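Peer 1: Here is my input, please return the structure:
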Amino acid sequence: MSAGRLFEIVYLLLERKHLTAQALAQRFEVSVRTIYRDLDALSGAGVPVYTAPGRGGGIFLLEDWVLDRAAFSPAEQARLLTALQSLPGAEAPENQAALAKLAGTFGQSVPDWLQVDLSCWGATPVEQAKFDRLKQAILDRRVITFTYVGSYRTGVRRVLPARLAFKGQAWYLQGWCTSQNAYRTFRVTRMLDLTITEELFVLPQPPPPLDLPAESSPNLTALHLRFAPWMAYRALDLFDPACITREEDGSVTAALSIPEDPWLYGCLLSCGTGVEVLSPPELRDRLGVLAEEILHHCKK
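Peer 2: Numbers count the residues shown, from 1 in each chain. Okay, here's the model as predicted:
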């Protein structure tokens, strides 16, 4: 008997009011007999669960019953509130009201030391609402279309959205791309003209673990960089601290393997004279050519 399964049965009944034993058995991949044993265990623990036969019957919880807040320890309550507070859109008045009610149930206050806004500076309300629209498309299982500005090409995509994931400094969407017939990962800020269609879908398979960048070159370049003292902060913004070494003069060096692609060129050029490519020399030469092209363009 799984304690986790017992808790999830209670949560499902609180959310959906009633379920059938067959539906629960399919969800947890167990037999109907096992579900009825779980119900006996819940009843023995004081949870007022009961069954009703016939059309419209199933498994129910006693009306107006709520889960005792003691089911969560004080530390778990605090972590839950903090996690909810950190979600995109948590600052909306309706979400703050829901958080306040949950905090009141726990006898705690809504955490006020944390504010999370994942939109970029100067984002319009339409851009700020993109996350919520994608979340709703995932929950409603609706096909979406959008124009995607990728590293190598830009085009319209038709995608079955599966999961939103935060990695590094950005949100990404994992979805089944119908043209590629495979899962692809899309950076949310690069998704333009988002449309949620009325077409429903069933995912052909669960999404794989997040693997970024999805559309970059698989060829990795062994890179050795030196950042000037006044540009050292950029190394910490961009790379894992484990690959960074602080020097006595205040500069930092970074040694890592990374795809050599337009993102890397733009990243290093944005540091100006504050970064020096120690190796490979081919990359240093390529950056020099790009810098000369920028200078020529500015002089035109």
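Peer 1: Just name the shakiest helix or strand of this structure by mean pLDDT.
Peer 2: For the chain, counting by mean pLDDT, DSSP states H and E, helix 93-106 ranks last in confidence among helices and strands (a mean of 63).
Peer 1: Name the SS class of Ala23, please.
Peer 2: helix (DSSP: H, G, I helix; E, B strand; the rest coil).
Peer 1: Distance-wise, check it relative to Ile258.
Peer 2: 48 Å (C-beta to C-beta, to the nearest Å). No exception for glycine: its C-beta is placed from N, CA and C like everyone else's.
Peer 1: Direction included, what does the lengthiest strand in the chain pair against?
Peer 2: In the chain, with assignment by DSSP state E, the single longest strand is strand 154-167. Strand 154-167 has its sheet partners listed here by DSSP bridges as strand 142-149 (antiparallel), strand 170-177 (antiparallel).
Peer 1: residues of that strand that come out buried?
Peer 2: 157-165 (16 or more other C-beta atoms under 10 Å).
Peer 1: quick one: contacts of that strand?
Peer 2: With contacts defined as C-beta atoms under 8 Å, 6 or more residues apart in numbering, strand 154-167 is touched by 118, 131, 134-135, 137-138, 142-148, 171-179, 183-186, 188, 201, 203, 206-207, 210, 212.
Peer 1: Give me the buried entries from these.
Peer 2: Among these, those classed as buried by 16+ other C-beta under 10 Å are 118, 131, 134, 137-138, 142-146, 148, 171-177, 183-186, 188, 201, 207.
Peer 1: pLDDT (mean, whole number) over the longest strand of the chain?
Peer 2: Strand 154-167 shows a mean pLDDT of 90.
Peer 1: Check stretch 60-73 too.
Peer 2: 64.
Peer 1: Counting by contacts, list what the lengthiest helix in the chain packs against.
Peer 2: In the chain, ranked by residue count with DSSP state H as the criterion, the top helix is helix 281-299. With contacts taken as 3 or more C-beta pairs under 8 Å, 6 or more residues apart in numbering; DSSP states H and E, helix 281-299 sits against helix 262-269, strand 275-279.
Peer 1: Any buried residues in it, and which?
Peer 2: The neighbour-count criterion (16+ other C-beta under 10 Å) identifies 283, 286-287 as the buried residues of helix 281-299.
Peer 1: Enumerate every residue touching Arg284.
Peer 2: Counting by C-beta under 8 Å, 6+ apart, Arg284 has contacts Val277.
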